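Peer 1: Structure of the sequence below:
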Amino acid sequence: MGVDIIEAGFPIASPGDFEAVTEISKILKKSIPAGLSRHSKKDIDRCYEALKHAPRFRIHTFISTSPLHMKHKLNMTKEQVYDSVKEHVTYARKFTDDVEWSCEDGTRTDMDYMCKTVELAIKCGAKTVNIPDAYKDDRFNPAFDKETNYRTKSILCMPMLNNEGALVGVVQVLNKKDGSTFDEKDESLLEALSVQAGVAIQRARLLEAFVEKQRIQESLKLAADIQMGMLPKDFPAFPDRDDFDLFASIIPAKEVGGDFYDFFLIDDDHLCFVIGDVSGKGVTAALFMAVTKTHVAASTTPGTAPSDILVRANDELGKENDPGMFCTIFYGILNTKTGTVRYSNGGHNPPYLVRADGSNEQLEGTEGIALGVMDGMDFGVNTLTLGKGEAIYLYTDGVNEAMDDGGNEYSYERLEEFLKMSKGQSITEIVNGSLDDVSGFVKNAEQSDDITVLAVRYNG
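Peer 2: Down below sits the predicted model:
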């Protein structure tokens, strides 16, 4: 007949249709008969019974995907139609590898939803769409032809799949050059082209994703460098002072994080030291950390109590804290002449007083909550006096809450045991040793939180 595929009819429509499709399938030797079926196993079974006499045959199953048809014709939801596509294309594949699927009333279907159903149909085994005469196919929308004066005659459409079989696009060709309809050779050629195109598109997308990832990583590295540049990191920090010593270290869980520390001389006799932990992770936490650190430093003036400094900083943060971020904080001022420390704690982990013999205990808490939670809050203040060789060990919860692969926390108890063993160690050795102890505990477990430690020792 010179025709590769014949859409023979709708076998379940009537006994006459079934008989006609059956006879056509018996007669055809080279051409492929195709039978229509709705999304119904009964329809598909009837289609197979009529087509099974042909050497090769195609089952063309379809369902309406427009909101109007789903509501009034099918009485089905989008999810039910989607499930039906999977069920019935898969079922049709039991009878033949040549399954065609189409969405009825596609011109009134939401594009994203239609693409989703087409992709599912392809994954389930539906393949080629070969339309010999577009104007005799109810699925064809002639609007484009009318606008451009182009005449669509025949259409050949195939999916483009990547190496994993996922849909990356659809390739469609129109109107064979010699005026004939597309045949099986054309289908084979287009299938080979679509395979190559699908792989090429996947590679292009992977390359694009890789380049974008590299760009983001470079941006995050720059952000991390800027953030770390905001923290004092040159030690010894005060080489000309022997009345006190301090050291700090920070290990972000991501490229950038929300932990911070700070220290500076308010005047010759008063050293300010601060540690904080911002809620959340990543860039948002890093930005809030920078703002918090700036406000705390700007609120620090000679002779001002730690509690008043936190009140000022908290009120300033409350004015611009749209994302609802907050920061736990410990703020202390050491009198370098007397060893007296005045401090305020805004919801932060209690630091440890570490004596020269390694014995230790948590500092008494003060009134106050994390900065940024609510403006107008009051903060309390406590006082202690350090003896010669005594230190204050400050840390964020990334230390005590660090977990191993089994979900076990490092805990306060392990930290206290480590501090007991710190007798005779320098302040740098205590900080680095505690970080090593945490690392040895968690081993290869992924770090889930920023880890920051700051220690200050009074030498008298």
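Peer 1: Going by C-alpha atoms from here, please, whenever you check contacts or count neighbours.
Peer 2: Fine.
Peer 1: What residue spans form the domains of the chain?
Peer 2: Taking automatic domain parsing as the domain assignment, the record places the domains of the chain at 5-205, 232-458.
Peer 1: just checking, N163 touches I201?
Peer 2: No - distance between N163 and I201: 10.6 Å, which falls outside the contact criterion (CA atoms under 8 Å).
Peer 1: what about the two, which has more around it?
Peer 2: Of the pair N163 and I201, I201 is the one with more neighbours under other CA atoms under 10 Å, namely 17 against 11.
Peer 1: residues touching that one, list them.
Peer 2: For I201, the set of contacting residues under the criterion of CA atoms under 8 Å, 6 or more residues apart in numbering consists of N162, V168.
Peer 1: Could you tell me the per-residue confidence at it?
Peer 2: According to the prediction, I201 has pLDDT 83.
Peer 1: ok, then the element right after the helix or strand of the chain with the lowest mean pLDDT?
Peer 2: Among the secondary structure pieces of the chain, namely its helices and strands, strand 129-131 has the lowest mean (mean pLDDT, DSSP states H and E), a mean of 67. The element immediately downstream of strand 129-131 (helix or strand, assigned by DSSP states H and E) is helix 143-148.
Peer 1: What would that following helix look like as PDB? C-alpha coordinates only.
Peer 2: Coordinates of the C-alpha atoms in helix 143-148 are reproduced here as PDB (Å, rounded to 0.1, in the frame of the first residue of the first chain):
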ATOM      1  CA  ALA A 143      -3.800  28.100  14.700                       C
ATOM      2  CA  PHE A 144      -0.100  28.300  13.900                       C
ATOM      3  CA  ASP A 145      -0.700  27.500  10.200                       C
ATOM      4  CA  LYS A 146      -3.400  30.200  10.100                       C
ATOM      5  CA  GLU A 147      -1.100  32.800  11.600                       C
ATOM      6  CA  THR A 148       1.900  32.000   9.300                       C
END
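Peer 1: continuing past that helix, what's the next helix or strand?
Peer 2: Using DSSP H and E, the next helix or strand after helix 143-148 towards the C-terminus is strand 155-161.
Peer 1: Show the average pLDDT along that next one.
Peer 2: Along strand 155-161, the predicted confidence averages to a pLDDT of 80.
Peer 1: Neighbouring strands of it in the sheet, and parallel or not?
Peer 2: Sheet pairing for strand 155-161, assigned by DSSP bridges, gives strand 129-131 (antiparallel), strand 167-174 (antiparallel).
Peer 1: check contacts around H53.
Peer 2: Under the criterion of CA under 8 Å, 6+ apart, the contact partners of H53 comprise T22, S25, K26.
Peer 1: Write a PyMOL command that selects only the buried members of those residues.
Peer 2: Selecting only the buried members of the contacts of H53 in PyMOL, with burial defined as 16 or more other CA atoms under 10 Å, works like this:
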select buried, resi 22+25
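Peer 1: Now flag whichever of the contacts of H53 is closest to E390.
Peer 2: For the contacts of H53, the minimum distance to E390 (CA to CA) is 96.4 Å, reached by S25.
Peer 1: now that closest one: how far from L435?
Peer 2: Per CA to CA, to the nearest Å, S25 is found 78 Å from L435.
Peer 1: With P33 instead?
Peer 2: When distance is defined by CA to CA, P33 is 74 Å away from L435.
Peer 1: Who has more neighbours out of the two?
Peer 2: P33 (28 against 19).
Peer 1: Can you verify my assumption that that one contacts K26?
Peer 2: No - between P33 and K26 no contact is recorded; they are 9.7 Å apart, counting by CA under 8 Å.
Peer 1: what is in contact with those two at once?
Peer 2: A54.
Peer 1: Just list the residues touching A445, thanks.
Peer 2: Taking CA under 8 Å, 6+ apart, we find A445 in contact with M403, D404, D405.
Peer 1: D98 - nearest residue in space that isn't next to it in sequence?
Peer 2: The spatial neighbour of D98 that comes closest, neighbours along the chain excluded (CA to CA, 6 or more residues apart in numbering), is R58 at 5.0 Å.
Peer 1: for T61, same thing?
Peer 2: Leaving out its chain neighbours, the residue that sits closest to T61 by CA to CA, 6+ apart is S37, at 4.7 Å.
Peer 1: how about the one you found, secondary structure?
Peer 2: What DSSP: H, G, I helix; E, B strand; the rest coil gives for S37 is strand.
Peer 1: Pull up the gap between it and Y48, please.
Peer 2: With distances defined as CA to CA, the gap from S37 to Y48 amounts to 10 Å.
Peer 1: Next: G347.
Peer 2: Counting by CA to CA, the separation of G347 from Y48 is 72 Å.
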